[in-house]
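Visitor: Sequence plus the predicted model coming up.
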Amino acid sequence: MSDCLFCKIAAGEIPSTKVYENESVYAFRDIAPQAPTHILVIPKAHIESAAAVDGSNSALVAKCFEAIAEIAKAEKLDGGFRVISNCGDDAGQTVHHLHFHILAGKKMGEKMV
């Protein structure tokens, strides 16, 4: 999608601090981190949100979670980490490209909100 911020980041048109990349997935550090470790993991192909996942693109979601596991090992997130995906405006999704937040580096409470 030509006007999508995350598509532009994955294509290298907008700079980012890359953490991981393969043919399907790109991961980079969040510019406004909510935890000591805050990494965004995106499929390179544009999928608007979790609500748009279907049989034609679900393999990309699996690739994202495979990347999340690799990133967690590389970042030594041995104490644990949280993975969040906001879906839609009411949930706080500000960039409408499916993405997963990896949050770690501090003790987090059990409550999500």
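Guide: Now that the structure is in, tell me what you want to look at. Predicted, not measured: the structure shown is a model, and the values here were computed from it. Numbers count the residues shown, from 1 in each chain.

Visitor: tell me what the strand ranked longest in the chain is packed against?
Guide: Ranked by residue count under DSSP state E, the longest strand found in the chain is strand 37-43. Judged by 3 or more CB pairs under 8 Å, 6 or more residues apart in numbering; DSSP states H and E, the packing partners of strand 37-43 are helix 5-10, strand 25-29, helix 58-74, strand 100-104. Where you see a C-beta, it was placed from the backbone N, CA and C, and this is true even at glycine.

Visitor: Neighbouring strands - and their directions - for the last one?
Guide: Just to be clear, that refers to strand 100-104. strand 37-43 (antiparallel), strand 82-84 (antiparallel) (DSSP bridges).

Visitor: Make JSON lines out of the helices and strands packed on strand 37-43 and add mean neighbour count, mean pLDDT and distance to residue 45.
Guide: Formatted as JSON lines, the helices and strands packed on strand 37-43 follow (neighbours: other CB atoms under 10 Å; pLDDT from 0 to 100; distance: least, CB to CB, whole Å):
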{"stretch": "helix 5-10", "mean neighbour count": "19", "mean pLDDT": "96", "distance to residue 45": "9"}
{"stretch": "strand 25-29", "mean neighbour count": "21", "mean pLDDT": "98", "distance to residue 45": "10"}
{"stretch": "helix 58-74", "mean neighbour count": "15", "mean pLDDT": "98", "distance to residue 45": "6"}
{"stretch": "strand 100-104", "mean neighbour count": "21", "mean pLDDT": "98", "distance to residue 45": "15"}
